[in-house]
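Chemist: here is the input, now give the coordinates:
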Amino acid sequence: MGADPGRSPAADGPPGVLAPVDDRLTGRAQEPPRLWSTAFTRVWAGSALSSVSSRTLSVAYPLLALTAGGSPVGAGWVSFALTLPVLLFYLPAGVLTDRVDPRSLMLFTETTRGLSVVSVLLALALGMLSLPHMLAAAFLEGTLWVLYTLAETALLPSLVPEGQIGAALARSETSSHAAVLT
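Modeler: The predicted structure is shown next:
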C-alpha cells in the first residue's frame, strides 16, 4: 500500500483510526479529526436512543390514554401535555443549561424520564393507571426532553474540534429526524 501524503507513517494501525498529521506550516503535529471519538460516539448513540424513545412515547402515551380511559379527549390532553413544555420551557431551560454541567443534566433527565415511564408501567400493571397520572408523566417527559436536547447541544462543542461542530450537530440532528421516521 502506498502512503497517504497527509498521514504519518504511524497511521498503519487499524482502518479508520488516523494518527496525528504533521502541519506543514508550523511543523507541529495536529490531532486527527475527533468526530468519531469515543466520547462523541457515546453521546451521539445515547442521543439517538433517547430520540427514538421520546418519539415512541409521543405515540404510545396518547394511545395508552385512549385505551385506559376510552376517551379521545383524554388522548388529546395527553398529547397536549407532551407538547406544552416545548412552548413553556425552552427559554428558561436554555438559561438553566448555560449554568449547569450539560453532561450531568443529560444523565439526570434520562434517569428521571426512565423513572417516569416505569411509574406508568407499574400503574398499568397494577390496574391503577389514571388520566391525571398519564398527564403528569407526559408533561414531565416533555419538560425533560426540552432540557435534554438543550444540554446535548451545549455539550457537543466540547467533544469535537471547532472546525467539526457543524458536522457533529448535523449528525446529531440527522439521528433525531431518523427517530421521527422510525
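Chemist: how many residues are close by residue 144?
Modeler: Residue 144: 24 surrounding residues under other C-beta atoms under 10 Å. All C-beta spots, glycine's among them, are computed from the backbone N, C-alpha and C.
Chemist: what about it, distance to residue 128?
Modeler: Distance of residue 144 to residue 128, given as C-beta to C-beta, to the nearest Å: 23 Å.
Chemist: next, the buried residues of stretch 128-142.
Modeler: By neighbour count on 16 or more other C-beta atoms under 10 Å, the buried set for stretch 128-142 is 129, 131, 133-135, 137-142.
Chemist: so how far is residue 53 from the residue sitting nearest the centre point of the chain?
Modeler: Against the mean C-alpha coordinate of the chain, by C-alpha atoms, centre = their mean, the closest residue is residue 47 at 2.8 Å. As judged by C-beta to C-beta, residue 47 and residue 53 stand 11 Å apart.
Chemist: with residue 72 instead?
Modeler: Residue 72 is 25 Å from residue 53, where distance means C-beta to C-beta.
Chemist: next one: the helix or strand harbouring residue 122 to chain centre, how far?
Modeler: Using DSSP states H and E, residue 122 sits within helix 102-125. Helix 102-125 sits 14 Å away from the centroid of its parent chain (C-alpha atoms, centre = their mean, to the nearest Å).
Chemist: on that earlier part again, quick one, which of residue 72 and residue 53 is more surrounded?
Modeler: Legend: neighbour count by other C-beta under 10 Å for residue 72 and residue 53, higher for residue 53 (18 against 11).
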